[in-house]
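Enquirer: here's my sequence, what's the structure:
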Amino acid sequence: MAPARLGTRVDCTRGSIVNSLIRLAWPIMTSNMAVVLYQVANTFWLGSVGANAVASVAMAFPLLGFLWAVGDGIIMGGSALVAKYAGSGDMKSVNKVAAHVAVLIFAYYVVVALVVLPFLHEVLLLMGAPPEILGDVFSFVRILVLAMPLTEIFFVYSSMLQGTGDSINPMKMWSMTLMLNMMLDPILIVGVGSIGGYGLTGSAIAIVSCRLLLASTALVGFWRGYHGLQITRRDLKFDPTLLRRLLRVSLPISGERLILGMEQMVLVAIVAGFGTPVLAAYGVGQRVLSLATMPGFAAGTAVTALVGQNLGAGESVRAEQGTWVSAAVAGVVLSIVGLVLATAAEPILSLFNREAAVLQHGIQFLKIVGPTVGFAAVFITLGGAYRALERTMPYMAWVLASSWFLKIHLALVLPLTLGVSGIWIAMALTNMAAPIGAALSLKFGLWRKLSSQLLHS
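Expert: Numbers count the residues shown, from 1 in each chain. Predicted coordinates:
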């Protein structure tokens, strides 16, 4: 048996909170920045094919996000439980949680492939996919969905490691694979020399090939016990009590992700009603804005591990302090990044598409939404604390309120008088309003009440 490599783990229950946060967050942030770099490069190559390819991706990813929602919820819920068990030193339970999450993820994506693929064409029509991009979107989504039962196993491995405090090894594996993906993109999308490119289909083939490589690495890691996680046949044995707890935490997260996925599907349909140039501008703008929001997700993931470990060790006060420190850092840093993106909107967007109509709408998008991403980062970070507290239902309620009762309604009403800019304003207003309720709920009594109940249950 290979020795477990534990030197990269962060023990969040002792020492400086800021130091623990930084040690947890920087590898996650590096991984997310690698994703952003990949998205930027991918958008560049797709943009060289034409605005239709960029618009196709903008149409495809809300649907994919909807399909990933339940899987993401299961993985995040498992990571929250792993963090608690790691904080209490119970590695047997850590491995058992990882095994249950891996089996659930595989089964879920098999069901997704069987249910979605026969109706994919009709779903895309309902989403309002323009006729000129329908074929490309269909091909792109079909390839990714077929591979999901295997490709998503890596994200189980990565999240379980992050829950134990190891964010270094997932960063290494993910970043190296994204670099390979970036090298494959120009060959498979545009073509090199005598090798013809396949456009959006080539992009899907590159993504799936690299993720299958990651999945094989994760399976070997689980089997051989690399990085301190090892799944045995005993861990795969069905445990009703553990499964109920996992589902109690995970299903509201899945609901949250479904809400956001449905929101994006409706939002992209609203945007598509203004034409392909606006849809392409939305797609490019969202990719660029990922530069600001990805670090927010890093902070949220780090907070889940930080808070979970401290709750597992009985350090509720330290867990609460970690939440507010993380939210403050994420909000300030990403507000600065968002302002930079808004200020430099034109030269940044010009790197990806120079069509006048696309550029005009994209600049307007970044100038309106960019300055508010710091608020969105605070909301995402607080979500990590809710997950660690195993109180995912209240956070789902905040997501529902901000998404469907605010953003979608505003996105439908404001364009009636403001045109397409009304959609961007709806997004910006929601970013600013969303964290208020979630923060007040934690600040004024809810944190202490929930953590006390959890520690004495």
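
Enquirer: could you list the low-pLDDT ranges of the stretch 301-450 of the chain?
Expert: Across the stretch 301-450 of the chain, the stretches falling below the confidence threshold (pLDDT under 70) are 445-450.

Enquirer: apply 90 and report the result again.
Expert: Across the stretch 301-450 of the chain, residues meeting the criterion (pLDDT under 90) sit at 301-326, 329-330, 333-334, 337-338, 340-362, 384-394, 403-405, 419-420, 434, 436-450.

Enquirer: over to the stretch 51-200 of the chain?
Expert: In the predicted model of the stretch 51-200 of the chain, residues 51-67, 69-70, 80, 83-91, 125-136, 162-167, 169-171, 174-176, 190-200 satisfy pLDDT under 90.

Enquirer: could you check how far the residue most central in space within the chain is from Q162?
Expert: Among the residues of the chain, F297 comes closest to the average C-alpha position under Cα atoms, centre = their mean, at 6.8 Å. Per Cβ to Cβ, to the nearest Å, F297 is found 12 Å from Q162. No exception for glycine: its C-beta is placed from N, CA and C like everyone else's.

Enquirer: now for those two: what residues contact both?
Expert: Taking Cβ atoms under 8 Å, 6 or more residues apart in numbering as the contact rule, the neighbours common to F297 and Q162 are I28.

Enquirer: re the thing from before, would you confirm that the residue nearest to the centre of the chain contacts I380?
Expert: Yes. Checked against Cβ atoms under 8 Å, the pair F297 and I380 is within contact range at 5.8 Å.

Enquirer: between the two ends of stretch 163-172, how far is it?
Expert: Terminal residues of stretch 163-172 are spaced 16 Å apart (Cα to Cα, to the nearest Å).

Enquirer: for stretch 382-401, same thing?
Expert: For stretch 382-401, by Cα to Cα, the gap between its terminal residues amounts to 16 Å.

Enquirer: from the middle of its chain, how far away would stretch 414-427 be?
Expert: Taking Cα atoms, centre = their mean, to the nearest Å, the mean C-alpha location of stretch 414-427 is offset from the chain mean by 26 Å.

Enquirer: the residue nearest to T323 when sequence neighbours are not counted: what's it in contact with?
Expert: Excluding its sequence neighbours, the residue lying closest to T323 (Cβ to Cβ, 6 or more residues apart in numbering) is A385, at 4.3 Å. Residues touching A385, when contacts are defined by Cβ under 8 Å, 6+ apart, comprise V303, T304, V307, A319, T323, L442, W447.

Enquirer: going through the residues you listed, which ones are buried?
Expert: A residue is treated as buried here by neighbour count (16 or more other Cβ atoms under 10 Å); on that basis the buried members of these are V303, T304, V307, A319, T323, L442, W447.

Enquirer: from these, which ones fall inside helices?
Expert: Filtering those for membership in helices, criterion DSSP state H, returns V303, T304, V307, A319, T323, W447.

Enquirer: the residue lying closest to the third one once chain neighbours are set aside and S31: what is the separation?
Expert: Read that as V307. By the measure of Cβ to Cβ, 6+ apart, the closest residue to V307 outside its immediate chain neighbours is A388, 3.6 Å from it. Shown here: A388 relative to S31, a distance of 20 Å by Cβ to Cβ.
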